[in-house]
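Enquirer: Quick one: sequence plus predicted model below, questions after.
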There are 2 protein chains.
Amino acid sequence: MGKAPTIREVARRAGVSVATVSRVMNGRGSVSEKTRQTVGEAIRETGFRPNVIGRGLKTARSGTLGVLMPSLRNPIFADAVQGIERAAEAGGYRILLTSSNYLPDKEVAAIDVLLCNRVEGLVLTVADESTSQALDFLDRSHVPFVLVFNPARTADHSIVTIDNVAAARDIVGRLVRMGHRRIAMIAGDSQASDRSNLRRAGYEQALVDGGLRPSPVIEVGFDSRDLVRHCRFLLSCDPGPTALFCSTDMLAIAGIRGFAALGLRIPDDISVVGFDGIEVGECMSPSLATVVQPAEDMGMRAVEHLLERLNAGAPAKNLTLPYRLRHGESWAKPREATAPTGTPV
Amino acid sequence: MGKAPTIREVARRAGVSVATVSRVMNGRGSVSEKTRQTVGEAIRETGFRPNVIGRGLKTARSGTLGVLMPSLRNPIFADAVQGIERAAEAGGYRILLTSSNYLPDKEVAAIDVLLCNRVEGLVLTVADESTSQALDFLDRSHVPFVLVFNPARTADHSIVTIDNVAAARDIVGRLVRMGHRRIAMIAGDSQASDRSNLRRAGYEQALVDGGLRPSPVIEVGFDSRDLVRHCRFLLSCDPGPTALFCSTDMLAIAGIRGFAALGLRIPDDISVVGFDGIEVGECMSPSLATVVQPAEDMGMRAVEHLLERLNAGAPAKNLTLPYRLRHGESWAKPREATAPTGTPV
DNA sequence: CGCTAAAGTGTAAACGTTTACAAAGACAGC
DNA sequence: GCTGTCTTTGTAAACGTTTACACTTTAGCG
């Protein structure tokens, strides 16, 4: 593992000073055409690759952005990272990726590591924005950051999100207007996700809007993949639900499976809708009716905004992107369709 | 954005030299208990965070590993990255993540950027290991790297993979022994994935093993999500297939949907099996019969091995992990079950 | 008390860049 | 030829750490 050549060796080989080599590389300052050639050759001959660590030390710019996500196992986050990476690359930045596994303690630790690495900014999703120590910590650091998926704490925070309450209310409202009167909800651990809470709030509002009495919400862990127990419970209730709303697509997919395992057909016997809009929900059969968050786009926008703040000193802003409903095949009118109590559809 | 405090300011505040502060931070060299206290306080008071860029310059160690994946949109890669991140974190390393979008040109460019960032090693999946310029490039760099998912080029390369040929042969062989005589295959773009080719080879071997004549393989792009056209084509063949093998789970899921859209029931009318073992395949209904690659584990092992090479000078090695079959619900005996020509099951 | 060894601390030189500043050369205008 | 301007190049000082080396203090021991 011979040491990598340095700018000094290139300079020696080209018979110029290191300053000149630096100028050739960065295209700053004036260099005669002849020298430029010579140096270019020397660079090629030595296989020189500028050491961005040395450069970063001098320029006080690392060229990296920190990224912190709860997990990459939920495709919604993987998609966001994909967008983040694309936009970062387009802007000439690299990303340092970490994940918290939904643990607030790890959030703080991971951010600390990123700050030691002198990331110029961060893009992150925290478990719960309202209680996050990680954000307090970050506020104090004066390193700009953009939250993705999380709701806004205050107006002077940069966030890229969708209106979770409105979206949940919208999709559940449609179930109501389809004629569903008993709509259950399975929500991911509210401790680990403020989104879960917001979606629950939207769900409850939709029930109220429809004049339905709230039903209890089943809270499960994020990694729950086997919901058959919970599905059985739901069916055992006196008037069982005719529809299920899940706080994430992963849960909804598991819910469909749970009901199918109990012999129900989707959507004939029960409707199931999700939230996130992960691609696989669209590919499966029945395709999942859900709220689509433009995750990749959100990641890109987050980075673009971050770079504006970094390079142009733009102010923080709250960016709420529009969500989309995917009219999948997993929902339908309830069999014993009764008109909703409110206004007819 | 006041400048971050440096070791010098901590030293001044604690009334000691920078060397002492450094010693306290790294626990190297001897420092009296009293000084240790004083310095610790000064660090806390100033909110000092060691600049790993400065450190890296001196120690010639960046503490980062480079990661290059084709895309994060396929959960199999996201899972691998998850494992990579976990193991890297456990080993005290950070990861610099890039993706190639399956484009060989971007592979080279991305690696170049990573090398400029002086990653101490790389974990990557290239489109095609046998033709990859990226790997030639990397070989010349003398930075250790580990391939994941790709097959081994030569014995002195580090790789972590499964036996794609054997696995494909295994699962397709089971279809044969179930009684399927006409098994179609949909494969992802072979240009963009050597895995696709290996799985195809395994598929063809299984057909030969079973005394079946090879049928043409349909090649599609990786981002193909609507396979209904291809499904229709398959059904239009004179004796249509009774089973479909797809080179990835994402394709298999789309295939299930394609057939379902044409009115077929899975697995009653046609069996569909995939390859990868992404989690969502297990959650959906019918659950996907597939070859499970331990992606997260593969990512972890890759990093563990890389760190062994880095820190203990261990030699490169080829690590072929066992695959697992998931006996999902998407396959069954063909309706018009005929015993296979070969040995009975 | 004097000697030696060990422990604690400081000094200063790296590491690979960038860049302010200085210097030198070329050239034009007088 | 002198002056001034512009272009090209070099010198050297940062940037924030680590660490070899040297120095001072302390402790142990005769």
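Expert: Perfect, thanks for sending it.
Enquirer: Just the mean pLDDT for the helix or strand residue A:95 falls within, thanks.
Expert: Counting by DSSP states H and E, the element that carries residue A:95 is strand A:94-99. Throughout strand A:94-99, pLDDT has a mean value of 98.
Enquirer: Tell me what angle it forms with strand B:94-99.
Expert: 110 degrees (axes from the mean of the first three to the mean of the last three Cα atoms, to 10 degrees).
Enquirer: Which strands or helices does strand A:94-99 pack on?
Expert: strand A:64-69, helix A:75-90, helix A:104-116, helix B:75-90, strand B:94-99 (3 or more Cβ pairs under 8 Å, 6 or more residues apart in numbering or on different chains; DSSP states H and E). Quick note: C-beta positions are derived from backbone N, CA and C, even for glycine.
Enquirer: Report the strands that pair with that strand, each with its relative direction.
Expert: strand A:64-69 (parallel), strand B:94-99 (antiparallel) (DSSP bridges).
Enquirer: Residues contacting it, please?
Expert: By Cβ atoms under 8 Å, 6 or more residues apart in numbering or on different chains, the residues outside strand A:94-99 that reach it are A:63-72, A:81, A:84-85, A:88, A:110, A:113-114, A:117, A:119, B:64, B:67, B:81-82, B:85-86, B:89, B:94-98, B:113, B:117.
Enquirer: rewinding a little: find the one among the helices and strands packed on strand A:94-99 with the highest mean neighbour count.
Expert: strand A:64-69 (a mean of 26; mean count of other Cβ atoms under 10 Å in any protein chain shown).
Enquirer: Not counting its own residues, what contacts that one?
Expert: Applying Cβ under 8 Å, 6+ apart, the set of residues contacting strand A:64-69 from outside is A:77, A:80-81, A:84, A:88, A:93-100, A:107, A:110-111, A:114-115, A:117-126, A:303, A:306, B:96-97, B:117.
Enquirer: cool, and stretch A:39-48?
Expert: Counting by Cβ under 8 Å, 6+ apart, A:4-7, A:9-11, A:13-14, A:16, A:20-21, A:24-25, A:31, B:140 sit against stretch A:39-48.
Enquirer: Run through those residues and flag the ones next to DNA strand C.
Expert: Under the cut-off given by Cβ under 7 Å from any atom of the strand, DNA strand C has A:4, A:6-7, A:25 from the contacts of stretch A:39-48 close to it.
Enquirer: who wins for most neighbours among those?
Expert: Tallying neighbours with other Cβ atoms under 10 Å in any protein chain shown puts residue A:7 at the head of those, with 21 neighbours.
Enquirer: Next up, the contacts around it.
Expert: Contacts of residue A:7 (Cβ under 8 Å, 6+ apart): A:18, A:21-22, A:48, A:50.
Enquirer: Looking at those, which is nearest residue A:159?
Expert: The shortest gap between residue A:159 and any of these belongs to residue A:50, at 35.4 Å (Cβ to Cβ).
Enquirer: pretty sure the closest one is touching residue A:21, no?
Expert: No: Residue A:50 lies out of contact with residue A:21 (Cβ atoms under 8 Å); the separation is 9.3 Å.
Enquirer: more crowded one of these two?
Expert: Neighbour tally, residue A:50 and residue A:21, criterion other Cβ under 10 Å: the higher count belongs to residue A:21, 28 against 17.
Enquirer: In three-state terms, label the more buried one for me.
Expert: helix (DSSP: H, G, I helix; E, B strand; the rest coil).
Enquirer: Tell me, please, where in chain A the pLDDT is lower than the cut-off.
Expert: A:1-2, A:336-345 (pLDDT under 70).
Enquirer: which parts of it sit against DNA strand C?
Expert: Applying Cβ under 7 Å from any atom of the strand, one finds that chain A approaches DNA strand C through A:3-4, A:6-8, A:18-19, A:22-23, A:25-26, A:28, A:48-51, A:53-55, A:57-59.
Enquirer: Got a PyMOL select line for the buried ones in those residues?
Expert: This is how PyMOL selects the buried members of the residues of chain A next to DNA strand C, with burial counted by 16 or more other Cβ atoms under 10 Å in any protein chain shown:
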select buried, chain A and resi 4+6+7+22+23+25+48+49+50+51+53+55+57
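Enquirer: Keep only the residues of chain A next to DNA strand C that also lie close to DNA strand D.
Expert: Among those, proximity to DNA strand D is found for A:18-19, A:23, A:57-58 (Cβ under 7 Å from any atom of the strand).
Enquirer: possible to save the residues you listed as JSON lines with distance to chain B?
Expert: Formatted as JSON lines, those follow (distance: Cβ to the nearest Cβ, whole Å):
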{"residue": "A:18", "distance to chain B": "16"}
{"residue": "A:19", "distance to chain B": "19"}
{"residue": "A:23", "distance to chain B": "18"}
{"residue": "A:57", "distance to chain B": "5"}
{"residue": "A:58", "distance to chain B": "9"}
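Enquirer: Could you find which two of those are furthest from each other?
Expert: A:23 and A:57 (18.7 Å).
Enquirer: got a list of what the residue in the stretch 51-200 of chain A that DNA strand D sits nearest to touches?
Expert: The nearest approach of the stretch 51-200 of chain A to DNA strand D comes at residue A:58, 3.4 Å away (Cβ to the nearest atom of the strand). Neighbour list for residue A:58: empty [criterion: Cβ under 8 Å, 6+ apart].
Enquirer: Longest helix in chain A, please.
Expert: helix A:295-312 (DSSP state H).
Enquirer: Which positions within it qualify as buried?
Expert: For helix A:295-312, the neighbour count (16+ other Cβ under 10 Å) marks A:295-296, A:298-310 as buried.
Enquirer: so what's the spatially closest residue to residue A:77 that is not a sequence neighbour bridging to?
Expert: Excluding the flanking residues, the one nearest residue A:77 by Cβ to Cβ, 6 or more residues apart in numbering or on different chains is residue A:69, at 4.4 Å. Beta-bridge pairing of residue A:69 under DSSP bridges involves residue A:99.
Enquirer: if I look at residue A:69, how far off is residue A:81?
Expert: 6 Å (Cβ to Cβ, to the nearest Å).
Enquirer: same thing with residue A:229?
Expert: On the measure of Cβ to Cβ, residue A:229 and residue A:81 end up 32 Å apart.
Enquirer: how far does stretch A:88-100 stretch from start to finish?
Expert: Terminal residues of stretch A:88-100 lie 21 Å apart, using Cα to Cα, to the nearest Å.
Enquirer: Check the offset of it from the chain's centre.
Expert: Here stretch A:88-100 is found 14 Å from its chain centre; the criterion is Cα atoms, centre = their mean, to the nearest Å.
Enquirer: Same question for stretch A:112-129.
Expert: For stretch A:112-129, the distance to the chain centre is 14 Å (Cα atoms, centre = their mean).
Enquirer: Ok, stretch A:36-46 next?
Expert: Distance of stretch A:36-46 from its chain centroid, counting by Cα atoms, centre = their mean, is 43 Å.
Enquirer: Just read off the phi/psi values of residue A:229.
Expert: phi -60, psi -50 (degrees, to the nearest 10).
Enquirer: I appreciate the help and will end here.
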